[in-house]
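Asks: What shape does this take:
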Amino acid sequence: MPAFRWTWLLAAGLLLGVNPSTAQLSEQARVSLITLYPGDAVYALWGHSALRIHDPASGFDIAYNYGTFDFGNLIVFIARFAYGKLDYRLSRQHYPAVAHYMRRTQQRTAVEQHLQLSQQQKAALFTFLEHNALPANRTYRYDFLLDNCSTRIRDLFTEVLGIALPASSGSEHTYRELLIPYTSGRSFLRLGINLGMGLPSDRVAVDRSFLPLELMDVLAAMHTDSGALVTRTDTLNFVPQTGSRPIPWASAAALAVLMLGLAVTFSRKPRAACIFDRVLYTVLGLSGLLIAFLWLISLHTVTHPNVHVLWLWPTHAVIAFCPRGAPWLRVYHLAAAILAAGTVAAIPLLPQTVPAAALPWILLVALRSGHLALKPA
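Replies: Model (predicted):
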């Protein structure tokens, strides 16, 4: 999952970390998984995972973080993220500096799970991480579901440590069902993510440990020939969660716009209806343009195909400013109304989830396009 930006910590790691070319792990060395709970920033909503190797005998204490990235220019960063061409990297960070940063500035619960590994496994993991952290090896192409800070660590257990994930790591939930609860309290963001994620997000998640909290739970349940994999769990930082029930503002706003659309449809104020339609179809068209971009152009694997193009047409933004009354425009709106109404009717059969907050918008398209197609000239 996207991690917070630890630029100064990376510098601290370079200054305070032990030279990897000379470091050797003693029998006292310990390996642990650090899990950060979701934070307030959008890129921190799904939590974060990192590995810590601590050797008291030599003073070696490094956190290996696969979630390091640079914002740089914000517009460029957003464009690269939308396109799906975002590079993350593995960084070595001096753990005491990381712990200090978490306690002082991060309003997030943090948990450390101490792992029971053989000396050979610890040495193999240490060698791999140090080699992977070299400038020539540390960068990787981030993928929201398949290649992130959690999956990178998950794969180390099978590829480096020879520990297979238990069968219980599978899930009956889809990727969407696992992801959406993390947006609780942010209904507009939840709606946007729900609309942007395509059909692949409704597949059953083969392994739920692509999420940091899920990886933490999976490891807690794992057993090896030597016993439980997690020998001790420490809460490094505890931030209590509020129990208030979030207000579904996105659904409330959608219903309000639908009511306004009904009022406009049955009023005798053509100017108000014209202004309403221009705003409505511009918003719908721009949203459809974004979904079409995520499907047809971006490199994301989770955004295509997407059934929401059935009612979110990019061309809506163009027809919003076309002169009214043209015969071809009636045909256009008739097609838009039929597809929008058909989408609503087919919701139980669609292979992709339609969020509840989107339903008033789909009905509004059917209402306004149907009215514009059938109203007397």
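Asks: going forward, measure contacts between C-alpha atoms and count neighbours the same way
Replies: Fine.
Asks: backbone phi and psi for L115, please?
Replies: Per-residue torsions, L115: phi -100, psi 140 (degrees, to the nearest 10).
Asks: partners of it in the sheet?
Replies: Taking DSSP bridges as the rule, L115 bridges to V31, V230.
Asks: what about Q24, which SS state?
Replies: Counting by DSSP: H, G, I helix; E, B strand; the rest coil, the backbone at Q24 sits in coil.
Asks: so is A123 in a helix, a strand, or just coil?
Replies: Under three-state DSSP, the three-state class of A123 is helix.
Asks: For the stretch 51-200 of the chain, just list every one of the helices.
Replies: Using DSSP state H, counting those that start in this stretch, the helices of the stretch 51-200 of the chain run over 74-83, 95-105, 119-132, 149-159, 175-179, 187-196.
Asks: Those: lowest mean pLDDT?
Replies: When those are compared on mean pLDDT, helix 74-83 scores lowest, with a mean of 80.
Asks: Counting by contacts, list what that helix packs against.
Replies: Of the remaining helices and strands, none touches helix 74-83 by 3 or more C-alpha pairs under 8 Å, 6 or more residues apart in numbering; DSSP states H and E.
Asks: and if we set it to 10 Å?
Replies: With contacts taken as 3 or more C-alpha pairs under 10 Å, 6 or more residues apart in numbering; DSSP states H and E, helix 74-83 sits against helix 270-296.
Asks: How far away from the center of its chain is the helix it packs on?
Replies: With C-alpha atoms, centre = their mean, to the nearest Å as the basis, helix 270-296 stands 25 Å off its chain's centre.
Asks: buried sites along that helix?
Replies: 273, 276-278, 280-295 (16 or more other C-alpha atoms under 10 Å).
Asks: before we move on, the earlier item: who wins for proximity to L299 among the helices of the stretch 51-200 of the chain?
Replies: When the helices of the stretch 51-200 of the chain are compared by C-alpha to C-alpha, helix 74-83 sits nearest L299, at 5.9 Å.
Asks: The protein: strands as residue ranges?
Replies: Ranges of strands in the chain, per DSSP state E, are 30-36, 48-55, 60-68, 87-94, 110-115, 139-141, 223-224, 227-228, 230-237.
Asks: Which one of those has the poorest average confidence?
Replies: Mean pLDDT is lowest for strand 223-224 among the strands of the chain, at a mean of 87.
Asks: Partner strands of that one and their direction?
Replies: For strand 223-224, the paired strands and their directions (DSSP bridges) are strand 227-228 (antiparallel).
Asks: So for the protein, the centremost residue is which one?
Replies: Nearest to the geometric centre of the chain sits F144, at 5.8 Å (C-alpha atoms, centre = their mean).
Asks: I'd guessed it sits against V302; true?
Replies: Yes. Between F144 and V302 there is a contact under C-alpha atoms under 10 Å: 8.1 Å.
Asks: related to what we said a few turns ago, output the strands of the chain as TSV; include the columns distance to D155.
Replies: Compiled in TSV, the strands of the chain are given as follows (distance: least, C-alpha to C-alpha, whole Å):
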stretch	distance to D155
strand 30-36	13
strand 48-55	13
strand 60-68	12
strand 87-94	14
strand 110-115	15
strand 139-141	14
strand 223-224	17
strand 227-228	19
strand 230-237	17
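Asks: re the thing from before, A50: which of the helices of the stretch 51-200 of the chain is closest?
Replies: Nearest of the helices of the stretch 51-200 of the chain to A50, taken as C-alpha to C-alpha: helix 149-159 at 7.3 Å.
Asks: helices and strands around that closest one, which ones?
Replies: Helix 149-159 packs on strand 48-55, strand 60-68, strand 87-94, helix 119-132, helix 212-220, going by 3+ C-alpha pairs under 10 Å, 6+ apart.
Asks: and the direction of it versus that of strand 60-68, what angle?
Replies: 120 degrees (axes from the mean of the first three to the mean of the last three C-alpha atoms, to 10 degrees).
Asks: List every C-alpha atom in helix 149-159, with coordinates, as CSV.
Replies: Output of helix 149-159 as CSV, limited to C-alpha atoms (Å, rounded to 0.1, in the frame of the first residue of the first chain):
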residue,chain,number,x,y,z
CYS,A,149,4.6,-2.8,0.0
SER,A,150,2.6,-5.7,1.4
THR,A,151,2.9,-8.1,-1.5
ARG,A,152,6.6,-7.6,-1.7
ILE,A,153,7.0,-8.7,1.9
ARG,A,154,4.5,-11.5,1.5
ASP,A,155,6.4,-12.9,-1.4
LEU,A,156,9.6,-13.0,0.6
PHE,A,157,8.2,-15.7,2.8
THR,A,158,7.8,-18.1,-0.1
GLU,A,159,10.6,-17.0,-2.3
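Asks: So which bits of it are buried?
Replies: Applying 16+ other C-alpha under 10 Å to helix 149-159 flags 149-155, 157 as buried.
Asks: closest to Q116 among the residues you listed?
Replies: F157 (12.2 Å).
Asks: wait, the closest one sits on L125?
Replies: Yes. The pair F157 / L125 is scored as a contact, 9.0 Å apart, by C-alpha under 10 Å.
Asks: gap between stretch 76-84 and the chain center?
Replies: Relative to the mean C-alpha coordinate of its chain, stretch 76-84 is positioned 14 Å out (C-alpha atoms, centre = their mean).
Asks: Same check on stretch 246-264?
Replies: The answer for stretch 246-264 is 26 Å, by C-alpha atoms, centre = their mean.
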